[in-house]
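Q: coords below, sequence missing:
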């Protein structure tokens, strides 16, 4: 579905980050590139490519995922932690970020 952001409508019981709708095309392009990279890993394994080549592909995916994660974290920090006027919204944004970081670091 080109141009349609199909995210989960609620994250941790709160409304999703609707501000991302302005960046859908950019984010979807990144996700699609990631999908292509993961599919390249699958093809490389299926065809018996050299392990060094597969490791290089995996490292590329890790880098791309890190870039996507950094962009989403930046959006979340700006829109839900540093910008809200309401202290409760700011605290909720910080709690959501903390939960994501804890999951990420496991």
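A: Cool, the structure landed. Nothing here was measured: the structure is a model prediction, and the numbers come from that model. Numbering: from 1, shown residues only.
Q: what residues sit buried inside the helix or strand harbouring residue 59?
A: According to DSSP states H and E, residue 59 maps onto helix 51-76. Residues 57, 61, 64, 72, 75, 76 are the ones in helix 51-76 that count as buried (16 or more other Cβ atoms under 10 Å). All C-beta atoms are positioned from the backbone trio N, CA, C, and that covers glycine.
Q: beyond that helix, next helix or strand please.
A: helix 87-105.
Q: and the gap between residue 58 and residue 42?
A: 11 Å (Cβ to Cβ, to the nearest Å).
Q: okay, and the common contacts of the two?
A: Both residue 58 and residue 42 lack any common contact, where contact means Cβ atoms under 8 Å, 6 or more residues apart in numbering.
Q: which of the buried residues of helix 51-76 lies closest to residue 38?
A: Nearest to residue 38 among the buried residues of helix 51-76: residue 61, at 6.0 Å, using Cβ to Cβ.
Q: what sits closest to the closest one if chain neighbours are left out?
A: residue 37 (4.7 Å; Cβ to Cβ, 6 or more residues apart in numbering).
Q: same question for residue 33.
A: residue 64 (6.5 Å).
Q: was I right to think that neighbour contacts residue 34?
A: Yes. Residue 64 is in contact with residue 34 according to Cβ atoms under 8 Å; the separation is 5.3 Å.
Q: list the buried residues of stretch 71-91.
A: In stretch 71-91, counting by 16+ other Cβ under 10 Å, buried: 72, 75, 76, 79, 80, 81.
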